[in-house]
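Participant: Build me a model from this:
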Amino acid sequence: MYERNYELLRSKFAEFFLPTLFTSMAGNICLFVDGLIVSFLIGASNLAPIQIVAPVITFVNLIYWMIGLGGSVLCSVAKAEFDDEKSNSYFSVSIISLISIGILITIFGLLFSGSIAQFLCASQPELVSDVSSYFSALIIGMPFLCYMMSLSYFIRADGIPSLPFRTILIANIVNICCDVIYIRFLGMGLSGAALATSTGYLVGSILISYYFLKKERTLEFIKLKVNSFFNFLKNIVTSGFSSASTQLYLTLKLLVINFLVGIYVGKSGVVAFGICYNSLFILYIFLIGTAQTMSPIVSVYFKEEDYSGVNYIIKRSLKIVVASSLALSVLFIVYPQALLFLYSVKNPADVPVVLNALRIFAISYVGTAITFLYTFYAQAIQKNQLSTIISLLEGFVLPISAAFILSHAIGGNGIWISFAIAELLTILFILAYSKHINRKTDGEYSGFFINKHNDDENVFEHTINGDVNAAVNLSRDVQEYLSGNKSAALVSMAIEEMLVNIINTNETVDTIDVIVRKNVENILISIKDTGIDFNPVIENPNLEFDNISVLNKIADKIDYSRVLGLNSTVITIKNN
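Facilitator: Below you'll find the model as predicted:
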């Protein structure tokens, strides 16, 4: 009668997805608009220095993705293991490390700004002055960027996804407003554009710190010994590097592609590549929003061996990224003139180069979406080596190899084609790897996303609404499922007591997921609900009923954690 309807997962995904999508939209659209404003106010040719400095931003992205996102995933896993001290340790180490690294980046950048500009402009030496001016004003905002973005990952993992959205939205609105003020009214040119970005990061850092005043937060700073600090940092870097490595390879790829475009196409090619690269900001709204929504949910459910829940989330995520990337690809292949108009590209020498580059570059969007999502998925299920290999192939080895070979053979078009070829070859690699794992494990892992399957004979999944009668009926059905097992009656009673308690402690609770897993030595009951925080292990004198006292006598062990904004309770009953 009772089957799992995935309504809880569907609502939780939607709850996380919309704020995360809006956060990504706020960041990426504003970066996109930022480029439009610069090109409108001081000319599209000034996109070339900005594009040349792009590897610096992607390098900083690497740092805060690796430590911030990697730490937040491990923090979610620690919560799934009911280890609050460990989750707070990951939080403390990540934030402190990133603030320190951000400050060091700024100091180093200011001291060696001239040398860095000369290095970035290897194939376009005439742009050194403009690049140095833009770089120096931009680098002062790096500590604030690292702090703001890394804290946003932990806040989402802590079940408060709306705060990062509001923060990043306001930060980027400040950036855009300051663009107009600094460039139009103060006449600061390119340095004004960079200073506006740094100002936005500063404002965002102040706003996101409101998290520490919120009563519902569960993460806090704790003191660690030096050895423990660096051990946690090592684990964070190991976990986060796989997905963050996309930014490392993007940094290297941008350096090489900028150099090749400067040689084979010239300054018009650098402008074209800048617009192609900026077009990815629109695509990454959906990719980052989806991947960062999926990642903490998958990491928790995979850790709890809820493979059908993982399968549901990844299928939903894949549909979103493929649909959005396909629509955007078709749009820019058919009508690339839209971007020329938006970026005020009017130079007759630039127009044909940009149109041609955009049409070819847009072919790679769908492949980019699939490989990007897969990289985050592999990290979420703790397959960090696979995630790193995919990032290395897709982000550096394949596109750079193809760009060198094809640019030598057919010139500039070979550079644009190389992106689509890299994505196709990476997807073929993933397919081959998935089939290899399927054969190697005799079907235990299957499908493109190499996910396990729940054992239908020993795992029972159920969903009920917050109704006492439904809870009582479910407990009886579970007892029938476990007929023949000596612990069946105890399991049935434990489920009834816990569910009735959840229903009685909440005015309304829409959905409760119950998973019963029959192992050799014990039976595990996993219960997730969207109700108010309640730890069944801790006695509550305000309760007017004794369901929990009964439950504690029945169970051999009860684990509780508040994770992803859900009450997650695991009850262990030994087989007698």
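Participant: rest of the way, CA atoms for contacts and neighbours
Facilitator: Fine.
Participant: where do the strands sit along this structure?
Facilitator: Here the chain has its strands, by DSSP state E, at 459-464, 512-518, 522-529, 557-563, 566-574.
Participant: for those strands, which one sits closest to F232?
Facilitator: Taking Cα to Cα, strand 557-563 is the member of these nearest to F232, at 20.5 Å.
Participant: any idea of the angle that closest one forms with strand 566-574?
Facilitator: 170 degrees (axes from the mean of the first three to the mean of the last three Cα atoms, to 10 degrees).
Participant: okay, now D510: neighbour count?
Facilitator: Residues near D510, counting by other Cα atoms under 10 Å, number 14.
Participant: Same check on the one 3 residues further on?
Facilitator: Using other Cα under 10 Å, the number of residues around D513 comes to 22.
Participant: and what of A470?
Facilitator: 17.
Participant: List the residues that contact K303.
Facilitator: V77, A80, I381 (Cα atoms under 8 Å, 6 or more residues apart in numbering).
Participant: same check, this time on G68
Facilitator: Listed by Cα under 8 Å, 6+ apart, the contact partners of G68 are S94, I95, L98, M149, S150, L151, Y153, F154, G240.
Participant: and the fifth one, what does it touch?
Facilitator: Shown here is S150, whose contacts under the criterion Cα under 8 Å, 6+ apart are Y64, W65, I67, G68, L69, S94, I95, L98.
Participant: Dump those residues to CSV, plus pLDDT and distance to S268.
Facilitator: Output for the contacts of S150, formatted as CSV (pLDDT from 0 to 100; distance: Cα to Cα, whole Å):
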residue, pLDDT, distance to S268
Y64, 87, 32
W65, 83, 32
I67, 90, 37
G68, 88, 37
L69, 82, 36
S94, 93, 41
I95, 93, 41
L98, 92, 37
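Participant: Top of the residues you listed by number of neighbours, please.
Facilitator: That'd be G68 among the contacts of S150, by other Cα under 10 Å, with 32 neighbours.
Participant: Okay, that one and L280: tell me how far apart.
Facilitator: 22 Å (Cα to Cα, to the nearest Å).
Participant: returning to that earlier point: would you reformat the contacts of G68 as CSV and include distance to P399?
Facilitator: Output for the contacts of G68, formatted as CSV (distance: Cα to Cα, whole Å):
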residue, distance to P399
S94, 32
I95, 33
L98, 30
M149, 28
S150, 29
L151, 32
Y153, 29
F154, 33
G240, 23
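Participant: Which one of these is nearest to I405?
Facilitator: G240 (31.9 Å).
Participant: measure the residue lying closest to S475 once chain neighbours are set aside to G466 for me?
Facilitator: Using Cα to Cα, 6 or more residues apart in numbering and skipping the chain neighbours, the partner closest in space to S475 is S492 (4.7 Å). Separation of S492 from G466 (Cα to Cα) stands at 17 Å.
Participant: ditto for V354
Facilitator: From V354 to G466 the distance is 58 Å (Cα to Cα).
Participant: Could you do V345 as well?
Facilitator: 59 Å.
Participant: Restricted to helices, list the contacts of G68.
Facilitator: S94, I95, L98, M149, S150, L151, Y153, F154, G240 (DSSP state H).
Participant: ok, so of these, who is nearest S113?
Facilitator: L98 (21.3 Å).
Participant: Got phi/psi on the residue in the chain sticking out farthest from the centre?
Facilitator: Here the chain reaches farthest from its C-alpha mean at G484, the gap being 45.2 Å by Cα atoms, centre = their mean. The phi and psi values for G484, taken as degrees, to the nearest 10, are phi 100, psi -20.
Participant: which ones are touching V128?
Facilitator: Neighbours of V128 in contact, by Cα under 8 Å, 6+ apart: A117, Q118, C121.
Participant: rerun at 10 Å
Facilitator: By Cα atoms under 10 Å, 6 or more residues apart in numbering, V128 lies in contact with P49, I52, G114, S115, I116, A117, Q118, F119, L120, C121, A122.
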